[in-house]
Structures are given as C-alpha cells and as structure tokens.
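# One predicted model, sequence on top.
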There are 4 protein chains.
Amino acid sequence: MQRTVERMLRTSPEPPFAPADPLCACIHACVECAQACTACADACIADHGPSLGRCIRINLDCADLCTVASRILSRQLEPDLGVVSMMLQLCATVCDACAYECTRHAGMHAHCDVCAAACRRCTEACRALLDTTIEPQRVHH
Amino acid sequence: MQRTVERMLRTSPEPPFAPADPLCACIHACVECAQACTACADACIADHGPSLGRCIRINLDCADLCTVASRILSRQLEPDLGVVSMMLQLCATVCDACAYECTRHAGMHAHCDVCAAACRRCTEACRALLDTTIEPQRVHH
Amino acid sequence: MQRTVERMLRTSPEPPFAPADPLCACIHACVECAQACTACADACIADHGPSLGRCIRINLDCADLCTVASRILSRQLEPDLGVVSMMLQLCATVCDACAYECTRHAGMHAHCDVCAAACRRCTEACRALLDTTIEPQRVHH
Amino acid sequence: MQRTVERMLRTSPEPPFAPADPLCACIHACVECAQACTACADACIADHGPSLGRCIRINLDCADLCTVASRILSRQLEPDLGVVSMMLQLCATVCDACAYECTRHAGMHAHCDVCAAACRRCTEACRALLDTTIEPQRVHH
C-alpha cells in the first residue's frame, strides 16, 4: 500500500503540496484508521452493549472523516491550503476522540485496543503533516 | 427528500442535538450541494479546458466533505460537539471556496452557476446551524 | 433538491446517458435513501437491542451503496454502461434487503418504517431506470 | 496496514464471513486501489488532455466503488451474502475496466501505469475471494 501511495505521488504531473514523506505517511495512516474504525464499529455493534453506543458513533464519524482526508490528501492539483489545514485539524481531533473512547473499552474489547492504536497513529501523522507543510499565513485566509 | 429527513429526525429515540429546523435544512443543503458538485466536476471534465482544473479540484473536495457532513449531522446519538462544530466550519469554508471558483466560470458554464448557488445555500445553512446550536464552551474542549 | 438535480443534468455539456426523468428520480431516491439509512442505523444503535444488529448492518451497507450510486448516476461523461447497470442492480438488491429487514421492526421502531419506505422508493427508481435505459447488449460485455 | 486489517479481523467477536487470508488481501487491495484511482484522476485532470476524459471518469467511479467494497468487506456482522457477492463482482468489473483504460495511457502517463497495476491486483483479489467463499446457493437468493 505505502509503496503505491509513494509511486502515485512521484508520477503525478503536479509537485506534492507538502513534503512527500509526511504526506505519504499521513495518507497511509488515514486509510488504515478508516478501515480500523469501520471494523471496530461493526465489532462493537456485534458486542451490542448499550455502553458501546458512544464508541460506535465516534467510530462511524472517524471512518468517514479519515476516508475523506485520504482523498483530499491524495489530490495534488491546486489544493486550497485552508481547506487542507482544517481537514487535518478535524481529522486529528476526531481520531483523538476516537482513540480516547476506544481506550476506555480496550481491556474488555481487543478490537478497541487495535483501533485506538490506529487512531493515535493517524492523529500523529496529521499533526506531523500540519507542522511541516502548511504555512500559517496561507491557512488563515 | 426534506420530508424524509424531518421524519427520520422526529422518529429517532435520541433528541436532535440541535434545533430541528436548521438541522434538517443543513442536512438537506449538504446532500444537495454534494450532488451538484459531483455533477459540476463531471461537466467541467467534459468541458476539459485547462483553466477548469482548479474548479474540478474544489468540486471533488466539496462533494466529499458535504457528503460526510450530511452523514455526521444525520446521527443524533452522543455526538462530539467539537467534531460537529469543526465539520460545519470546514463545510462552510469549502462551499464558500467552491462557490467563489464556480462563480468565476458561471458566465461560460451554466452548470457552474447552478453549482455555485447550491454551494452558497450550503454555506449559509452550515453557518445558521453553527449560530443556533453549538455552545462555545462545549466546542473548545 | 430535485430541481437542482434536474438543472445540473440540463446544463451538462454531455447528454444524459439515460432518459432525464427516471435518471433524476433515481439520483434523488438514492440520496434520500442514503440519508434515511444513515439516520436509521444511528437510531437502531441508540435503541441497542441485540436483535437490531442485522438491521444496523444492512442500513450501513445500504447507505454506502446508495451514496456511491448517486455519484455514479450524477456523472454523464463516458459512462461504462456495464458498471452502471450492475450498480443499479446492486443498489436495488441492497435496498430491497434493507426494506425487508426494516419492515420486520417497523411496528416497534417508527424510524424503521420511514426508512423502509425510502428503501422501497429507491428499489423502484433503480428498476425503472434499468428498464428504460440500459440496453442488454451493452450490459453483458 | 495489512497487519491492522488482520488484527481487526482476528479480534472481532464475529467469525469472518470468508477465509481470513483472501478476505484480508481483498480489503487491502480495495483500499490501495481506491487511493491509486483518486490520485490517478487528479493526475489526469492536471494533464488535462481531452482524451483523458474517459480515464478520469472510470477512475472516479472505481475509487468510489473500491472504498465502499472495503467497508462492506470490513463488516463481519450478519452480512447479506448476495449483496457481498454482487459487490465483489461489480468491484472486479470496474477495476478491470479501469485497468484497461489506464493501460491505454500507460506509455504517456506513468501514473496510469501504477494505477493499472493496483486495479489488476484488486480485480484478482475480488475474484479470489469470490472463488473461495461465496457459496452459489446463498448468493442467488
């Protein structure tokens, strides 16, 4: 997967809008987290305790947002850097909230433990990309 | 469509996380805008001028984000209001940017004119929902 | 919503790949059904009975497939009619299955009743579009 | 990525609906292909030749369908095997069509070459999963 992400970036006629390494890492972390959250929501629904309602909800939101983040980051043509920056901040926030909620159930539900780790990796990858690439003056437009 | 959105909200076991009228209006505006942007990207690709690259790009991002916004707003169970608020702000921002770009081509391309109007309605609906519902103290968590 | 769908279709540089009326109706039915299924899954999770697991599952699948169907149908440029036809058949099938499952819970859960009606309208709209537009010889390629 | 897919499957309270190895491989191939197609559409738009219209179109459809396929395959709770089977057949078909179209431009556009390879891997993974898991009598319901 990661190799395909790198190759697609290298063969694009557009230069990457951010340094290639953290950009590739972030795309990869987003698709991994989206898959983990989709699977974790499903597993939580199967475990069907009422206390898992909040966990299922944030898993569904997180899966949707990580998928869209991976799409937006995969496009290099004329990005709106304000939109990209807000997307990364929102993705980091929802992954953080999902990691927090999953961690509360990690002792009882091993799938929540695996999912929380994927969420934390995604939060870090979004923040690393924000740190290296998005110039503040272009963001607050 | 709008009637189904309202009925689904009224029959949910959860109370709506925001006043029902602007919430329904925002869900409706998001799905309408997502469809218009998907169709506008397709029409711009068919028109294939190099000057439409930026318009296609923002249309694709806007379609993806409006779709996810409509999903997040359609869920009433234990929302993370910080995530919801950031989602609405991002959706308003991308719709604003898409409306701006489409308006530049509206004289030449009637589809851009129709799309720009849908984007403007969505920006307004997101801002109206932000104004009425999301308490600041719950947002900045 | 329906008016915007029609206008986008009329202003496209590409002729619609199918008669405009059933095509617009099908796009509209797909986005309506996707929204209803997303809301119904959420409501079923809130109701959290173990017997609703199957209903939540098919609601999530149906929401995802109807969203993609609405996107594919919104694109008029050089469609692969084999893909479009399979998409419509799959969409009709998942909506049918979701309507069946929701109807089983419609007496207990009013949201399942509203959702089942949206699913049935979508099945019919997909079949009506399949009937009028997609020539068999182009489908079985 | 692949390790997370496997772990999520192993920690689910539900047994996988198909043999774990080809199921994991297919989920992985779908998310990889979705990312490649999103990036390839973007690169083709940047290259903006009118002859790339068909390639952009099938890339967008393929990205959408592979994303949904990866979600449906990531859910183990009470799958509708008829829907899963049709989804796999549709995913194999659209990947095949996208690989064919991208291959036509592979000499001129290196991104189409990388994307075509991801599409072919996804077609094969879908067919391998169809071969091993979905019993015919459960499919034709």
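Structure received.

# just the strands in chain A please.
Assigned by DSSP state E, chain A shows no strands.

# name the helices or strands packed onto the lengthiest helix in chain A?
If you go by DSSP state H, chain A has its longest helix at helix A:20-47. If you count contacts as 3 or more Cβ pairs under 8 Å, 6 or more residues apart in numbering or on different chains; DSSP states H and E, helix A:20-47 packs onto helix A:2-11, helix A:53-74, helix A:81-104, helix A:110-133, helix C:53-74, helix D:2-11, helix D:20-47, helix D:53-74. All C-beta spots, glycine's among them, are computed from the backbone N, C-alpha and C.

# want to throw those into JSON lines with mean pLDDT and mean neighbour count?
Shown next, in JSON lines, are the helices and strands packed on helix A:20-47 (pLDDT from 0 to 100; neighbours: other Cβ atoms under 10 Å in any protein chain shown):
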{"stretch": "helix A:2-11", "mean pLDDT": "96", "mean neighbour count": "19"}
{"stretch": "helix A:53-74", "mean pLDDT": "98", "mean neighbour count": "26"}
{"stretch": "helix A:81-104", "mean pLDDT": "98", "mean neighbour count": "23"}
{"stretch": "helix A:110-133", "mean pLDDT": "96", "mean neighbour count": "22"}
{"stretch": "helix C:53-74", "mean pLDDT": "98", "mean neighbour count": "26"}
{"stretch": "helix D:2-11", "mean pLDDT": "96", "mean neighbour count": "19"}
{"stretch": "helix D:20-47", "mean pLDDT": "97", "mean neighbour count": "26"}
{"stretch": "helix D:53-74", "mean pLDDT": "98", "mean neighbour count": "26"}
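
# which stretch among the ones you listed comes nearest residue D:80?
Minimum separation from residue D:80 across the helices and strands packed on helix A:20-47 (Cβ to Cβ) falls at helix C:53-74, 6.2 Å.

# The residue nearest the centre of chain A: what's it in contact with?
Residue closest to the average C-alpha location in chain A (Cα atoms, centre = their mean): residue A:30, at 3.3 Å. Contacts for residue A:30 (Cβ atoms under 8 Å, 6 or more residues apart in numbering or on different chains) come out as A:66-67, A:69-70, A:73, A:91, A:122, A:125-126.

# Among those residues, which ones lie close to chain B?
The subset of the contacts of residue A:30 within reach of chain B, by Cβ under 8 Å from any Cβ of the partner chain, is residue A:67.

# which two from the contacts of residue A:30 end up farthest apart in space?
The distance between the two most remote of those (Cβ to Cβ) is 14.8 Å, for A:67 and A:125.

# what does chain A have sitting close to chain B?
So far as Cβ under 8 Å from any Cβ goes, chain A lies against chain B at A:53-54, A:56-58, A:60-61, A:64-65, A:67-68, A:71-72, A:75, A:77-80, A:82-83, A:86-87, A:89-90, A:93-94, A:97.

# Could you list which of those residues also contact chain C?
A:53, A:56-57, A:60.

# Return the closest of these with respect to chain D.
Set against chain D, the nearest of these by Cβ to the nearest Cβ is residue A:60 (10.5 Å).

# And the nearest residue to the closest one once chain neighbours are set aside, how close does it get to chain B?
Once flanking residues are discounted, residue A:60 sits nearest to residue A:41: 5.3 Å by Cβ to Cβ, 6 or more residues apart in numbering or on different chains. Distance of residue A:41 to chain B, computed by Cβ to the nearest Cβ, to the nearest Å: 12 Å.

# Any figure for the gap between residue A:41 and residue C:18?
Distance, residue A:41 to residue C:18, by Cβ to Cβ, to the nearest Å: 35 Å.

# same question, residue A:36
Computed as Cβ to Cβ, the residue A:36 to residue C:18 distance reads 38 Å.

# likewise residue A:78?
According to Cβ to Cβ, residue A:78 stands 32 Å off from residue C:18.

# can you tell me which residues contact the closest residue to residue A:33 other than its chain neighbours?
Spatial nearest neighbour of residue A:33, excluding adjacent residues (Cβ to Cβ, 6+ apart): residue A:122 at 3.9 Å. By Cβ under 8 Å, 6+ apart, residue A:122 lies in contact with A:26, A:29-30, A:32-33, A:66, A:91-92, A:95.

# please redo it, this time with the cut-off set to 7 Å
By Cβ atoms under 7 Å, 6 or more residues apart in numbering or on different chains, the contact list for residue A:122 reads A:29-30, A:33, A:66, A:91, A:95.

# what's near enough to touch the residue nearest to residue A:50 when sequence neighbours are not counted?
Once flanking residues are discounted, residue A:50 sits nearest to residue C:48: 4.6 Å by Cβ to Cβ, 6+ apart. Residue C:48 sits next to A:48, A:50, A:53 when contact means Cβ under 7 Å, 6+ apart.

# per-residue pLDDT, residue C:48?
As predicted, residue C:48 sits at a pLDDT of 77.

# Same check on the one 3 residues further on?
With respect to pLDDT, residue C:51 scores 85.

# picking that back up, what separation do you get for the residue nearest to residue A:50 and chain D?
14 Å.

# Of residue A:78 and residue C:18, which one has the most company?
Applying other Cβ atoms under 10 Å in any protein chain shown to residue A:78 and residue C:18 shows that residue C:18 carries more neighbours, namely 21 against 17.

# In this structure that one contacts residue C:131, no?
No - applying Cβ atoms under 7 Å as the test, residue C:18 and residue C:131 come out as separate, 10.4 Å apart.

# who in chain A is up against chain D?
Proximity of chain A to chain D, by Cβ under 7 Å from any Cβ of the partner chain, involves residues A:1, A:4-5, A:7-8, A:11-14, A:27-28, A:31-32, A:35-36, A:38-40, A:42-43, A:45-47, A:67, A:70-71, A:74-77, A:110-111, A:114, A:118.

# Kindly recompute the last result at 6 Å.
With the criterion set to Cβ under 6 Å from any Cβ of the partner chain, chain A comes near chain D through A:1, A:4, A:7-8, A:11-14, A:31-32, A:35-36, A:38-39, A:42-43, A:45-47, A:71, A:74-75, A:77, A:110-111, A:114, A:118.
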